[in-house]
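In: take a look and give me a structure for this.
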Amino acid sequence: MMYNSIKFFLKTSYTDPSRISITCALTAVFILFQIADTHSQTTLGNNDGPYFFYENGGTKLVRVENGDIRSEVPVKSSFKVMTEDGEHQFEVKRHPLKTPSWNSPKSNKILVLSDPHGDFQSFYAILKAQKVIGNHYEWTFGKNNLVIIGDVFDRGKDVLPIFWLIYKLENEAEKAGGKVHFLLGNHEEMILRGNYKYTQDKYKMLADAIGKDYRDFWSLDTELGKWLQSKNTMEKIGDHLFVHAGLSHTMLDPQWTIPAVNDSVRFYLFQTKEERHKSRAGTFLFGSEGPLWYRGMVRQEEKYHPLSEADLEKILQIYSAKRIYLGHTIFPEVTSFYKGRVVAVNVNNEANRLGGKSRGLLIEGNKTSVIYDDVKKNKILAQ
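Out: You can find the predicted model right below:
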């Protein structure tokens, strides 16, 4: 109302000095209204969602489509997912959720990626190039394994399309005899405790618009919240061990079996930082020495408390693992440490995609290759 009144006033010509002063003041206000109005339109984004909320005995679907918020009661089992720029679109069906096994047998191939951070184009491109998915975003990797070592949240504008694609492929892979493994990362735990330091404005704008805190979009009363709650922090495939950040010397404590870590992280996942710090386990698991944050396997600065060779040997023995695969700490290329017994997979996915650099790993029997968007460049991992 006020905005339109100012517009009307400014359309009228005045010669009285007092009215000229008023006109100047209102012009400034009008400009501020325009800036605010434009900002609200742009930060909400073009496309987001859908989010499924289970409330009051029913189901509500919320999405942003072409810049408008839509809320509806879903009538079909399938639903459309679209990227922010509208370039990618696919159908997903909700499916029953279950906690995955932490220990899986080896398959012929294991493709390993990490830290997609809302960059759908880069995530899609490497899956397509390595023949994990087909032209219709469908699983084509047969009885093989795909591992994503955490951190879909934050930085990018396509968090939901990545989560929904993983969710979709997980169901399709199981039907084909394969498996998709999504492990929790530190950015998952950050969002779920309400830390939005690296979160794009479009997500916070949507939460504000419907009167919710953004972490409520991922509560146990939502489809993706329940799905995230089911996920593990550590998993093994054969003698390959996967964890987001790293394993510190504290993991030598016999209480930290893989099932114990997974169950404990799930227990604390939706708690605030203050709530977690009420227990020693919560403080450790979500702290700098815990598996979601520890950098000492790949960084040698004293502040990271680097892991000794002797302690690495003990950790490998405790978990019956030949090699440990990590995300979290970013490197220019996929890089190995401790004579190839630890491999850091996290790279700048967009920069490496555009620059023709490494993007992840492909494990085939005893052979481990660094992978690229151009499969002809795939090469054996340097030890």
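
In: for the closest residue to residue 167 other than its chain neighbours, helix, strand, or coil?
Out: Computed as CB to CB, 6 or more residues apart in numbering, the closest residue to residue 167 that is not its neighbour in sequence is residue 227, at 6.1 Å. For glycine as for every other residue, the C-beta is placed from the backbone atoms N, C-alpha and C. When classified by DSSP: H, G, I helix; E, B strand; the rest coil, residue 227 comes out as helix.

In: any idea how far apart the tips of stretch 299-314 sit?
Out: 19 Å (CA to CA, to the nearest Å).

In: equivalent analysis for stretch 143-163, please.
Out: With CA to CA as the measure, stretch 143-163 spans 21 Å from end to end.

In: test my guess that residue 176 contacts residue 142.
Out: Yes - using CB atoms under 8 Å, residue 176 is in contact with residue 142, at 5.9 Å.

In: quick revisit: burial measure for the residue nearest to residue 167, as a count.
Out: Neighbour count for residue 227, taken as other CB atoms under 10 Å: 19.

In: residues in contact with residue 110?
Out: Residues near residue 110 by CB atoms under 8 Å, 6 or more residues apart in numbering: 144-147, 237, 240, 361-363.

In: go again with 10 Å.
Out: Contacts were defined as CB atoms under 10 Å, 6 or more residues apart in numbering; by that measure residue 110 touches 104, 141, 144-147, 179, 181, 237-238, 240, 242, 325, 361-365, 368.

In: got a ChimeraX select line for the buried ones in those residues?
Out: Per 16 or more other CB atoms under 10 Å, the buried members of the contacts of residue 110 correspond to this ChimeraX selection:
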select :104,141,144,145,146,147,179,181,237,238,240,242,325,361,362,363,368
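
In: burial of residue 202, as a residue count?
Out: As a burial measure, residue 202 scores 19 neighbours (other CB under 10 Å).

In: can you offset everything so residue one is 47?
Out: That works, and once the first residue is 47, the last one we named lands at residue 248.

In: quick check: it is in a strand.
Out: No - when classified by three-state DSSP, residue 248 is found to be helix rather than part of a strand.

In: so what's it scoring on pLDDT?
Out: In this model, residue 248 is scored at 96, pLDDT.

In: where does the closest residue to it other than its chain neighbours sit: helix, strand or coil?
Out: Of all residues not flanking residue 248 in the chain, residue 91 sits nearest, at 3.5 Å (CB to CB, 6+ apart). Classification of residue 91 by three-state DSSP places it in coil.

In: show me what contacts residue 91?
Out: 110, 113, 130-131, 203-204, 246-249, 251-252.

In: show me which of those is closest to residue 101.
Out: Using CB to CB, residue 252 comes nearest to residue 101 of the contacts of residue 91, at 16.6 Å.

In: contact partners for the closest one?
Out: Residue 252 makes contacts with 89-91, 94-95, 97, 108-110, 115, 258, 260, 263, as judged by CB under 10 Å, 6+ apart.

In: which SSE is it in?
Out: helix 247-255 (DSSP states H and E).

In: roughly how far is that helix from the heart of the chain?
Out: The chain centre lies 18 Å from the centre of helix 247-255; the measure is CA atoms, centre = their mean, to the nearest Å.

In: right, and residue 336 touches residue 328 too?
Out: Yes - counting by CB atoms under 10 Å, residue 336 does reach residue 328; the two are 9.4 Å apart.

In: overlap in contacts, those two.
Out: 310-311.

In: the more surrounded of the two?
Out: Shown here are residue 336 and residue 328; by other CB under 10 Å, residue 336 has more neighbours (27 against 19).

In: the more buried one sits in which helix or strand?
Out: Residue 336 belongs to no helix or strand when assigned by DSSP H and E.

In: got the phi/psi numbers for it?
Out: phi -80, psi 170 (degrees, to the nearest 10).

In: contact partners for residue 188?
Out: Taking CB under 10 Å, 6+ apart, we find residue 188 in contact with 153-155, 177-178, 219, 222-224.

In: just residue 244 next, same as before
Out: 163-164, 199-202, 233, 236-237.

In: can I take it that it is in a strand?
Out: No - read with three-state DSSP, residue 244 is coil and lies in no strand.

In: next one: it, what pLDDT does it get?
Out: Looking at residue 244, the pLDDT reads 96.

In: separation between it and residue 159?
Out: Distance of residue 244 to residue 159, given as CB to CB, to the nearest Å: 19 Å.

In: still on that earlier bit, distance of the residue nearest to residue 248 relative to residue 247?
Out: 8 Å.
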